[in-house]
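Peer 1: When you get a sec, could you give me coordinates for this:
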Amino acid sequence: MTGANSFQVSGYGPQKAGWTRVLARDGMARRLDWPILLAAVALSLIGAVLVYSATRNRTEINQGDQYYFLVRHLLNTGIGIALMIATVWLGHRTLRTAVPLLYGASVFLILLVLTPLGTTVNGAHSWIAIGAGFSLQPSEFVKVTIILGMAMLLAARVDAGDKPYPDHRTVLQALGLAAVPMLIVMLMPDLGSVMVMVIIVLGVLLASGATNRWVFGLLGTGTLGALAVWQLGILDEYQINRFAAFANPDLDPAGVGYNTNQARIAIGSGGLTGSGLFHGSQTTGQFVPEQQTDFVFTVAGEELGFVGGGLIIVLLGIVLWRACRIARETTELYGTIVAAGIVAWFAFQAFENIGMTLGIMPVTGLPLPFVSYGGTSMFAVWVAVGLLQSIRVQRPMSA
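Peer 2: From the prediction side, this is the model:
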């Protein structure tokens, strides 16, 4: 890890001069990963069009303004990009020093959801209403803080040259750090977010170099935990029904299986090139619920067809490919772990979201990264892009 130690940028003292030299020599813009940035912007803009198509005729939710959701989606995207810029400017190493504060703030926010301040949206009690029609879903930010917190613990002694890989005590500390917010989110209950967090933890452990016994042990513990949650009745009835409908698609097609059945009809009717933007019968007829959020991919499948849906998948693939490259090329374990955690997060959430519209995954209420309507989720994914860009920008010049 001598390469990482020779170029540790935290924004203080002599190290700051090294960061200044990077900017002066190459310029930040030249060191950004433009494929990730352009793919993420393209996904957000495609999402804006799909959100508009899904909501322009929904007078019961768009306040009588067909551009209501379009404007808010673009505003959320703009704020997200601003957060990305701020994240790159601060740097992932500077944020490393703020992890305790960020972690404490995120845990505090998800605890607020369990108080009377928490609100229920579409059956999930995981939101905080903040007025003027806006709400906050703290579990989205928890994904970021789990990645940063675990990376800080697992990489501390390795990047310092004391250990070749995290020892058992460090791994236990990292798992404990992740377990606290995950248990709180489970109490909401927000099963979809917990599933993403479990995948993030697995990705982080694999990237950290922890022994395989920890990975297999976590898988076994997760399986036992899922069985316990089922047996103890922690899940709400609507969540149990969703899994039942996934196991048996013919179960109550007009009830618990309605969402999935209508989603498959919409995507299947699109064929190769789709029925044309704003001309989808399922979308115009409002047959698919929550089409601007969880089921936004059905709009692409119906109106843009296999070509449009495939384009979204390709753009997501570009983001994941470049993120994997950043994780591989950085010379510090901390940066590798952060990038790998983001890859695990984006990959699983995208697969789950698209999979549930196709009927190959259970419905869990997870948004499609960059595409679905939603402020908190948009902010979180753009912060993650900022972290990826910071890792690439602050690499040693030789990398």
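Peer 1: Strands of this structure, residue ranges please.
Peer 2: Under the criterion DSSP state E, the chain carries strands at the ranges 118-121, 124-131, 134-136.
Peer 1: Dump these to TSV, plus distance to A210.
Peer 2: C-beta coordinates here come from the backbone N, C-alpha and C atoms, glycine included. Shown next, in TSV, are these (distance: least, C-beta to C-beta, whole Å):
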stretch	distance to A210
strand 118-121	35
strand 124-131	30
strand 134-136	33
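Peer 1: Tell me which of the ones you listed sits nearest to L191.
Peer 2: strand 124-131 (8.8 Å; C-beta to C-beta).
Peer 1: How about residues contacting that closest one?
Peer 2: Contacts with strand 124-131, where a contact means C-beta atoms under 8 Å, 6 or more residues apart in numbering, come from 109, 112-113, 117-121, 135-139, 185, 188-190, 193, 365.
Peer 1: on that earlier part again, can you redo the strands of the chain as JSON lines with mean neighbour count?
Peer 2: Output for the strands of the chain, formatted as JSON lines (neighbours: other C-beta atoms under 10 Å):
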{"stretch": "strand 118-121", "mean neighbour count": "14"}
{"stretch": "strand 124-131", "mean neighbour count": "17"}
{"stretch": "strand 134-136", "mean neighbour count": "16"}
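Peer 1: Next, format those as CSV and append distance to L311 and mean pLDDT.
Peer 2: Converted to CSV, the strands of the chain look like this (distance: least, C-beta to C-beta, whole Å; pLDDT from 0 to 100):
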stretch, distance to L311, mean pLDDT
strand 118-121, 29, 75
strand 124-131, 30, 75
strand 134-136, 30, 80
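Peer 1: Those: which one's closest to H168?
Peer 2: Among the strands of the chain, strand 124-131 comes nearest to H168, with 33.2 Å by C-beta to C-beta.
Peer 1: Tell me the strands beside that closest one, with direction?
Peer 2: Under the criterion DSSP bridges, strand 124-131 sits next to strand 118-121 (antiparallel), strand 134-136 (antiparallel) in its sheet.
Peer 1: just so I know, which of those strands lies nearest G149?
Peer 2: The nearest among those, by C-beta to C-beta, is strand 134-136 at 20.2 Å.
Peer 1: Contacts for the closest one next, please.
Peer 2: Against strand 134-136 from outside (C-beta under 8 Å, 6+ apart): 109, 119, 121, 127-130, 375-376.
Peer 1: go on, stretch 284-300?
Peer 2: With contact meaning C-beta under 8 Å, 6+ apart, stretch 284-300 is reached by 46-47, 50-51, 53-55, 57-58, 69, 122, 258-259, 262-263, 265-267, 274, 278, 280, 282-283, 308-309, 312, 353-354, 356-357, 363, 365-368, 371-374.
Peer 1: Next: stretch 147-167.
Peer 2: With contact meaning C-beta under 8 Å, 6+ apart, stretch 147-167 is reached by 1-2, 4-5, 8, 92, 95-96, 99, 102-103, 170-171, 173-174, 177-178, 200-201, 204-205, 208-211, 332-334, 337-338, 341-342, 345, 387.
Peer 1: repeat for stretch 51-59
Peer 2: 61-62, 66-70, 73, 277-278, 280, 283-284, 286, 291-292, 296, 299, 303, 372-373.
Peer 1: one more time with 6 Å
Peer 2: Counting by C-beta atoms under 6 Å, 6 or more residues apart in numbering, stretch 51-59 makes contact with 62, 66, 69-70, 73, 278, 283, 291-292, 299, 373, all of which sit outside it.
Peer 1: tell me which residues of it are tucked away?
Peer 2: By neighbour count on 16 or more other C-beta atoms under 10 Å, the buried set for stretch 51-59 is 51-56.
Peer 1: ok, now stretch 173-185?
Peer 2: Neighbour-count burial for stretch 173-185, counted by 16+ other C-beta under 10 Å, picks out 173-175, 177-178, 181-182, 184-185.
Peer 1: which of these lies closest to G220?
Peer 2: Among the buried residues of stretch 173-185, L175 lies closest to G220 (C-beta to C-beta), at 13.3 Å.
Peer 1: any idea how far T120 is from the closest one?
Peer 2: Noted for L175: a distance of 30 Å to T120, by C-beta to C-beta, to the nearest Å.
Peer 1: Ok, V144 next?
Peer 2: Here V144 is placed at a distance of 24 Å from T120 (C-beta to C-beta).
Peer 1: Tell me, how many residues neighbour Q292?
Peer 2: 24 (other C-beta atoms under 10 Å).
Peer 1: Residue numbering should commence at 756 henceforth.
Peer 2: All right, first residue 756 from here; so that's Q1047.
Peer 1: This completes my enquiry, with thanks.
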